[in-house]
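Student: need the 3D shape of this:
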Amino acid sequence: MLDRRDAYPTTGHGMNTETPRVFIAATRQNDGKTTTSLGLVAALQKFHPRVGYIKPVGQRFVEIDEQKIDEDTVLMDRVYQLNCPLVDMSPIAVEPDFTRKYLQSSNYDALVKKIQKAFDRVAWEKDFVLCEGSGHAGVGSVFDLSNARVAKLLETKVVIVTQGGIGKPIDEVSLNQALFEKEGVEIIGVILNKVTPEKLDSVTEFARRGLKRKGLELLGVVPHQPILTRPTMELIQEELGAELLNRPDQIHNLVDDVVVGAMGLQNTLNTFKNGVLLIASGDREDIILAAATTLLGQADGLAGIVLTGNLRPSSSVIKVIREMPFPMLLAAEDSYLVASKLHDLIVKTRPNETQKISLIRDVIAQHVDVNRIVKAL
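Tutor: Numbering: from 1, shown residues only. Modelled structure (predicted):
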């Protein structure tokens, strides 16, 4: 059987190959690719005032004006006002049936054209384009558009982001390196993310040695920032599909810790601390009333309370809840399922989280050698 890949075009007719560009890849999902991209756009603007952005293949999307747009693209656009149609910055959104449709009627050439035309429009009147991948080098292989292939199509060099450490990240980088090399894509270097601050120096030294043996450069070591993994009560409400029982102005409270109120009232009172999210069955009116009397009028109390099991408190207790200063949510699932969901929650930075965004910019500018990236292009 003929391997069609040998016949695949690697560049479209007349695609822009002049504008400098870089492709940000990762060794797995949630290694900090978007965080790195968010910080890099600001850092790159010091060298190239007009930076464009594209996420050629997106996995998580929102609907805007009946178009499916990748979440990260929306974030970038809102933070940097990129002055480019969202549909060009997010040309392909992988819907649930996308892969099945592709395997039935392989429309590879049409997808390639779509990506390359979108890139041309994104690069129009820009000094630089940052391309963000989705997951590791092989993601998208099932429809012939792996990250490695997309980087090849866009004629771009790659920076790989991986999680902090020495052995595991270098093993994973090697796997990804093999696929990029197979496509003939050059890797500029590697950024280690989420490194324990106390281990920064030793990780930097040994990771640099390990990567050098693979012919790769270490471009930066970014210390772990706990605030970036802390969800807001608003995000938790969305993820749980929960009802907001009151209208507090603290819906953006950050959650530091989650406690399941499965103990007696006296022990539960000990958990009423700043930044704590308390999960309790909706019929635990004793806990609700205790929270009201203990915390009413206090500047810093709980981050919020999630009542579970769709057990709605009595109307007299609902009146009390409406006066609570922090968010009170009612979720359909039981306490175990709610706690499991919150444990597995993927926290993504949102456009309105200005504190997190300015921290990201500072950290990337401080810990990543952007100068070296620019020179390599």
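Student: dihedrals phi and psi, Arg24?
Tutor: One thing to correct before we go on: residue 24 is Ile, not Arg. phi -100, psi 110 (degrees, to the nearest 10).
Student: now do Asp257
Tutor: Backbone torsions of Asp257, given as degrees, to the nearest 10, read phi -150, psi 150.
Student: and for it, the neighbour number?
Tutor: 13 (other C-beta atoms under 10 Å). Glycine gets a C-beta too; all of them are placed from N, C-alpha and C.
Student: show me the contacts for it.
Tutor: Asp257 sits next to 273, 275-277 when contact means C-beta atoms under 8 Å, 6 or more residues apart in numbering.
Student: report the buried members of those residues.
Tutor: With burial judged by 16 or more other C-beta atoms under 10 Å, the buried subset of these is 276-277.
Student: so which of the contacts of Asp257 belong to strands?
Tutor: When DSSP state E is applied, the contacts of Asp257 are split such that 276-277 fall in strands.
Student: in TSV, list the contacts of Asp257 along with distance to Thr196.
Tutor: Below are the contacts of Asp257 laid out as TSV (distance: C-beta to C-beta, whole Å):
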residue	distance to Thr196
Lys273	25
Gly275	21
Val276	24
Leu277	25
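Student: which residues sit in contact with Arg361?
Tutor: 38-39, 42-43.
Student: hmm, back to that, closest one of the contacts of Asp257 to Phe206?
Tutor: Distance to Phe206, by C-beta to C-beta, is smallest for Gly275 among the contacts of Asp257, at 34.6 Å.
Student: ok, and the closest non-adjacent residue to that closest one?
Tutor: Nearest in space to Gly275, with sequence neighbours left out and distances taken as C-beta to C-beta, 6 or more residues apart in numbering, is Asp256 at 3.3 Å.
Student: thought that neighbour was touching Leu302?
Tutor: No: applying C-beta atoms under 8 Å as the test, Asp256 and Leu302 come out as separate, 10.5 Å apart.
Student: overlap in contacts of those two?
Tutor: Counting by C-beta under 8 Å, 6+ apart, the common neighbours of Asp256 and Leu302 are 274, 276.
Student: so for the two, which residue has more residues nearby?
Tutor: Legend: neighbour count by other C-beta under 10 Å for Asp256 and Leu302, higher for Leu302 (27 against 14).
Student: part of a helix, is the more buried one?
Tutor: No: judged by DSSP: H, G, I helix; E, B strand; the rest coil, Leu302 forms no part of a helix; its state is coil.
Student: please name the residues that touch it.
Tutor: 272-274, 276-278, 291, 295, 326.
Student: using CSV, please lay out those residues together with distance to Val370 and pLDDT.
Tutor: Supplementary listing: the contacts of Leu302 in CSV, determined by distance: C-beta to C-beta, whole Å; pLDDT from 0 to 100:
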residue, distance to Val370, pLDDT
Phe272, 44, 90
Lys273, 40, 90
Asn274, 36, 90
Val276, 38, 95
Leu277, 37, 95
Leu278, 43, 96
Ala291, 47, 90
Leu295, 45, 74
Phe326, 40, 92
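Student: nearest to Val161 among those?
Tutor: Nearest to Val161 among those: Leu277, at 29.2 Å, using C-beta to C-beta.
Student: that closest one and Asn270: what is the separation?
Tutor: Remark: distance between Leu277 and Asn270 (C-beta to C-beta, to the nearest Å) = 15 Å.
Student: Phe128 pairs with what?
Tutor: Beta-bridge partners for Phe128, by DSSP bridges, are Val51.
Student: does it touch Thr19 like I think?
Tutor: Yes: counting by C-beta under 8 Å, Phe128 does reach Thr19; the two are 6.8 Å apart.
Student: who touches both of the two?
Tutor: Shared contacts of Phe128 and Thr19, counting by C-beta under 8 Å, 6+ apart, come down to Gly52.
Student: about what we covered before: closest one of the contacts of Leu302 to Ile170?
Tutor: For those, the minimum distance to Ile170 (C-beta to C-beta) is 36.4 Å, reached by Leu277.
Student: surely that closest one and Gly261 touch.
Tutor: No: in terms of C-beta under 8 Å, Leu277 does not count as a neighbour of Gly261; the distance is 10.4 Å.
Student: rewinding a little: give the contact list for the residue nearest to Gly275.
Tutor: Counting by C-beta under 8 Å, 6+ apart, Asp256 makes contact with 230, 274-276, 303.
Student: got CSV for those, with distance to Arg100 too?
Tutor: Listed next are these as CSV, based on distance: C-beta to C-beta, whole Å:
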residue, distance to Arg100
Arg230, 37
Asn274, 48
Gly275, 44
Val276, 44
Ala303, 41
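Student: what sits opposite Leu218 in the beta ladder?
Tutor: Applying DSSP bridges to Leu218 gives these bridge partners: Val190.
Student: next: Val306.
Tutor: Beta-bridge partners of Val306, as defined by DSSP bridges: Ile279, Leu329.
Student: distance of it relative to Val276?
Tutor: From Val306 across to Val276, the span is 12 Å (C-beta to C-beta).
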